[in-house]
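> generate coordinates for the sequence data below:
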Amino acid sequence: MPTNLLRFTLALMLLPFFWTAAGAQAVSFPELDSPLPGRSDVTYLDLARMVIPDLSADKDGFYKGGLPIDMRHIAGGDDGGSPPETTNLPNAAVLPIKAGGKDRLAMLFDLGDSPDSAEGYAVLALYDVTAKPKLLDAANVAVDRSTYFREPNKLSIGAGDDVLISMSTHFNSNQGYVSTLLILPREDRLQLVDTINTFDENVCAYKRSQDLAFLTLDDGKPYAAIKVTATDATVPSGESCDEAAPDAASHDISVTYHWDTKTSRYVKDSDAFEKLSAENAKRF
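Predicted coordinates for the structure are as follows:
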């Protein structure tokens with residue numbers, strides 16, 4: 001099975017888990033050749049071709065093309081690998097958002113494996129589709145093999161602004177690695193707020209999970225504060241195993257991001273998630 005078909009199949013399997021509130025958040029997977037709502041002159045394929053110029057449908061209904069346009073990695077610097085030389089897309093995730101008081105459209109394209117990195121390559125594209133469609137910004141947001149929007153997909157941080165939430169992940173037989181990205185569309189450019197790494201285990205004796213919850217808090221700043229809480233929970237299985245089961249336990253780890261008007265960026269109030277990531281690395 002082609003790599004991208006595997007990614008698409010996995011995405012469908014994970015929909016109930018990742019997108020409990022998907023309907024309310026308006027994430028959709030329209031056929032690329034379908035028109036935008038209320039438009040007859042623009043299709044999602046037209047928007048996708050602003051990222052992958054030669055994208056076209058094959059006889060099986062998949063969309064194939066070559067390299068995407070040049071773009072940075074959302075984390076900056078030397079992060080991220082090169083895009084695959086060929087693209088094979090079943091569709092793209094579409095999310096209407098607000099940015100700077102304006103209607104914008106975000107589209108997420110998982111292009112597959114990078115040829116020179118263990119990470120995949122996924123494009124988050126930001127569009128203005130209120131008149132003649134325009135690609136405002138695009139960045140590689142992959143930090144692991146497969147990339148999606150994560151529930152709740154976006155957070156309202158003001159009357160006319162949203163923060164996007166994406167995730168990159170891979171799994172093996174009993175471990176799940178998840179990196180969650182908070183991304184702020186500001187002045188029609190995508191800005192990384194933070195990357196939060198979590199780790200799940202499911203072995204004979206116990207299951208240990210690290211689930212994230214998101215909350216916005218009005219702190220009087222231009223953008224609301226964002227509180228992210230990781231609940232680290234261990235649940236014994238009750239099975240007879242070679243190893244002794246740990247005691248049941250659960251504790252919360254929270255970080256709050258406040259808008260700093262001097263730097264025009266969100267600033268976190270602790271390094272608790274970095275410490276969690278370091279502790280998790282010892283269990284890999």
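
> which strand or helix spans residue 277?
Using DSSP states H and E, residue 277 sits within helix 272-281.

> who are the packing partners of that helix?
The contact analysis (3 or more CB pairs under 8 Å, 6 or more residues apart in numbering; DSSP states H and E) places helix 272-281 against strand 189-202, strand 225-236, strand 249-260. For the C-beta atoms, the positions are set from N, CA and C on the backbone; glycine is no exception.

> could you give the angle of the first one to strand 249-260?
Using axes from the mean of the first three to the mean of the last three CA atoms, to 10 degrees, the direction of strand 189-202 lies 170 degrees away from that of strand 249-260.

> now the element after strand 189-202, going C-ward?
Heading C-terminal from strand 189-202 (DSSP H and E), you reach strand 206-217.

> list the beta-bridge partners for residue 213.
On the basis of DSSP bridges, residue 213 is bridged to residue 229.

> what about it, neighbour count?
Using other CB atoms under 10 Å, residue 213 has 13 neighbouring residues.

> and if you look at residue 101?
Residues within reach of residue 101, counting by other CB under 10 Å, total 9.

> now residue 224
Neighbours around residue 224, by other CB under 10 Å: 21.

> likewise residue 135?
Neighbours of residue 135 under the rule other CB under 10 Å: 15.

> now swap in residue 174 and tell me
By the measure other CB under 10 Å, the count of residues near residue 174 is 11.

> what's it in contact with, if anything?
201, 202, 203 (CB atoms under 8 Å, 6 or more residues apart in numbering).

> just name the shakiest helix or strand of this protein by mean pLDDT.
helix 22-25 (a mean of 40; mean pLDDT, DSSP states H and E).

> in JSON lines: the contacts of residue 174, plus neighbour count and distance to residue 96.
As requested, the contacts of residue 174 are exported to JSON lines (neighbours: other CB atoms under 10 Å; distance: CB to CB, whole Å):
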{"residue": "201", "neighbour count": "16", "distance to residue 96": "36"}
{"residue": "202", "neighbour count": "15", "distance to residue 96": "35"}
{"residue": "203", "neighbour count": "15", "distance to residue 96": "41"}
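
> looking at the residues you listed, spot the one nearest residue 34.
Closest approach between the contacts of residue 174 and residue 34, by CB to CB: residue 202, at 38.5 Å.

> and the closest one, how far is that from residue 145?
19 Å (CB to CB, to the nearest Å).

> helix, strand, or coil at residue 270?
Secondary structure, DSSP: H, G, I helix; E, B strand; the rest coil: residue 270 is coil.

> ok, residue 104 to residue 27 distance?
To residue 27, residue 104 is 14 Å away according to CB to CB.

> who has more neighbours, those two?
residue 27 (23 against 20).

> so which strand or helix has the nearest residue in space to residue 74 that is not next to it in sequence?
Leaving out its chain neighbours, the residue that sits closest to residue 74 by CB to CB, 6 or more residues apart in numbering is residue 139, at 4.3 Å. In this assignment (DSSP H and E), residue 139 forms part of strand 134-140.
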